[in-house]
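In: Predicted coordinates and the sequence they were generated for:
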Amino acid sequence: PSVFHGSVPYRFKIIRQAKDNTRSGRIQRDFAHKLLPSASKLIDYTRCPAGAPDLGGEVPFVLLARLLRPLWTVRFGRLNQERIGHLAWNTEYYLLRRDSQGDRSTDLFCSTGESANRQLMRMWSRVLRMSPWVWPLWKLNHILPGGAGNEVDLPFNFRNYERARDLAAGTKTHLEFTPKEEIEGRRALRAMGVPDGAPFVCFHARDSAYLDSREAGRDWDYHDYRDARIANFLPAVEELTRRGYYAIRMGAVVGGPLGAKNPKIIDYAVSHRSEFMDVYLCGRCSFFLASNAGIADVADVFRRPIARTNVVQYFGEFIISGKKDLFIFKKLWLKKERRFMTLRELLRSEAWTVRSGEVFAEIGAEPRENEPEDILDLAVELEERLAGRWRPAPEDEELQGRFWGLLSAAGKLSAEPVSRVGALFLRKNRALLE
């Protein structure tokens with residue numbers, strides 16, 4: 001047992017250098033000679049972050065947790081904290097599963113390194129059992145064989161997001177602001193020029209500035225196909241301000257200022273941004289006009305309606321939107337044929353499961369951003385649906401049926417779709433459904 005107290009390499013070194021020539025002493029020295037390299041490697045590999053204890057006495061605790069598993073399960077987990085979207089939805093999905101299945105285990109969580117948003121981490125720590133002391137337990141359990149049953153799985157894939165969407169239907173978010181935070185959020189809104197009680201929408205266009213700032217020198221070009229121009233959102237938010245809303249441009253790091261002259265359009269990302277307000281605005285907006293980026297997932301976790309523009313990770317984003325949401329997608333221009341790829345062709349092409357912009361070059365296709373008019377149409381449709389003023393056209397249901405019918409016939413749906421494509425987008429692009 002003394003092997004597991006204090007510094008493991010140091011303990012082995014003391015044993016190895018001992019002058020005890022008894023049979024027991026010789027066995028201990030031989031044991032230390034064999035295991036010292038492995039122990040040193042283990043300690044180096046599992047070096048703790050700031051605030052976490054050094055490894056040592058945690059090994060017996062991990063082994064005890066495994067022995068107790070037939071009676072009660074203790075699990076260790078690490079939050080996906082590097083990107084705000086994963087920090088939001090992966091954690092919410094875990095809680096939704098726990099609620100639906102019952103609390104069958106004691107789950108302990110840690111975080112490591114820099115978080116994408118400290119306010120969101122602070123709010124999760126009020127819901128989860130979190131401590132820096134869990135880090136070495138999670139790490140040891142993760143690297144020692146046989147630990148899967150004692151590890152909390154916080155996976156990321158679009159099918160999990162689809163299941164999270166279904167589990168979230170009719171439920172409330174696990175995230176709550178304290179009374180003090182509510183006061184601070186309203187005060188910050190007033191400082192931005194938004195009066196108490198005034199409705200506001202958030203909007204965001206993904207660009208490369210954020211990832212470039214996170215890991216300078218890394219080539220992020222393969223993600224550029226997901227980008228959109230913020231200027232294309234201006235006609236939509238101008239119209240929303242005419243309908244009584246304030247419009248708040250989101251973003252932790254952005255490519256440049258918005259340049260809007262309308263005082264009800266607020267360039268929060270440039271002039272007012274804080275980690276606390278990133279979360280507060282997502283949680284209190286009337287809806288979020290989004291592109292392909294994780295910040296909208298925070299609003300989604302708060303059950304806020306989302307108007308998703310420029311959808312281009314087709315295999316996932318077509319299915320993750322909820323009943324409260326609308327979306328439109330980037331069309332693919334076939335350069336040689338000088339026409340847009342049909343939905344039927346998209347479903348059969350490598351572009352359906354795109355994860356890198358290189359795929360489009362290989363198939364001779366160019367993703368085209370949604371036009372400002374498309375984004376305007378989508379924002380107005382969602383606003384009118386939420387206000388009960390939307391008037392559908394006779395062909396709308398038939399076009400929705402054709403769109404989802406093509407996905408179903410191609411085997412791309414695992415459940416009945418609950419979201420809708422923007423109605424005017426389908427009316428203008430019915431040729432894509434041929």
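Out: Perfect, I can see it now.

In: where exactly do the helices run in the stretch 201-350 of the chain?
Out: In the stretch 201-350 of the chain, the segments counted as helices under DSSP state H, counting those that start in this stretch are 209-214, 234-242, 268-271, 275-284, 295-301, 314-320, 343-348.

In: same question, the stretch 1-150 of the chain
Out: Counting by DSSP H, counting those that start in this stretch, the helices of the stretch 1-150 of the chain are 8-16, 23-45, 58-67, 84-101, 118-125, 134-143.

In: now for the third one, which elements pack on it?
Out: Think helix 58-67. When contacts are defined as 3 or more CB pairs under 8 Å, 6 or more residues apart in numbering; DSSP states H and E, helix 58-67 sits against strand 73-78, helix 134-143. From N, CA and C alone the C-beta is placed, and that goes for glycine too.

In: Off-centre distance for that helix?
Out: Relative to the mean C-alpha coordinate of its chain, helix 58-67 is positioned 32 Å out (CA atoms, centre = their mean, to the nearest Å).

In: do the same with the fourth one
Out: Computed by CA atoms, centre = their mean, the separation of helix 84-101 from the middle of its chain amounts to 10 Å.

In: Can you tell me which of the helices and strands packed on helix 58-67 is nearest to residue 330?
Out: Among the helices and strands packed on helix 58-67, strand 73-78 comes nearest to residue 330, with 33.8 Å by CB to CB.

In: so what's residue 94 up against?
Out: By CB atoms under 8 Å, 6 or more residues apart in numbering, the contact set of residue 94 is 77, 152, 154.

In: just to revisit the earlier point, what's the closest of the helices and strands packed on helix 58-67 to residue 333?
Out: The closest of the helices and strands packed on helix 58-67 to residue 333 is strand 73-78. By CB to CB, the value is 41.8 Å.

In: residues making contact with the closest one?
Out: 62, 65, 68, 94, 104-112, 134-135, 137-138, 141-142, 149-154.

In: try it again with 7 Å
Out: By CB atoms under 7 Å, 6 or more residues apart in numbering, the residues outside strand 73-78 that reach it are 65, 68, 104-112, 134, 137-138, 141, 149-152, 154.

In: relative to helix 58-67, how tilted is it?
Out: Going by axes from the mean of the first three to the mean of the last three CA atoms, to 10 degrees, strand 73-78 is angled at 130 degrees with respect to helix 58-67.

In: partners of residue 200 in the sheet?
Out: Per DSSP bridges, the residues bridged to residue 200 are residue 246.

In: ok, so what distance separates it from residue 189?
Out: Residue 200 sits 8 Å away from residue 189, going by CB to CB, to the nearest Å.

In: what do you get for residue 278?
Out: Counting by CB to CB, the gap from residue 278 to residue 189 is 13 Å.

In: Next up, the contacts around residue 169.
Out: Going by CB under 7 Å, 6+ apart, residue 169 touches 322, 323.

In: If we ignore the residues flanking it in sequence, what's nearest residue 359?
Out: Leaving out its chain neighbours, the residue that sits closest to residue 359 by CB to CB, 6 or more residues apart in numbering is residue 350, at 5.3 Å.

In: so that neighbour makes contact with residue 361?
Out: No. Counting by CB atoms under 7 Å, residue 361 is not a contact partner of residue 350; they are 11.1 Å apart.

In: ok, back up a step: so which of the helices of the stretch 201-350 of the chain is nearest residue 413?
Out: helix 314-320 (6.9 Å).

In: distance between the closest one and the chain's centre?
Out: 14 Å.

In: Return the alpha-carbon coordinates of it using PDB.
Out: Extracted in PDB, the C-alpha atoms of helix 314-320 (Å, rounded to 0.1, in the frame of the first residue of the first chain):
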ATOM      1  CA  TYR A 314     -26.000  18.600 -44.200                       C
ATOM      2  CA  PHE A 315     -25.800  15.100 -42.700                       C
ATOM      3  CA  GLY A 316     -26.200  16.600 -39.200                       C
ATOM      4  CA  GLU A 317     -27.700  20.000 -39.400                       C
ATOM      5  CA  PHE A 318     -30.800  18.900 -41.400                       C
ATOM      6  CA  ILE A 319     -31.800  16.700 -38.500                       C
ATOM      7  CA  ILE A 320     -30.800  18.500 -35.300                       C
END
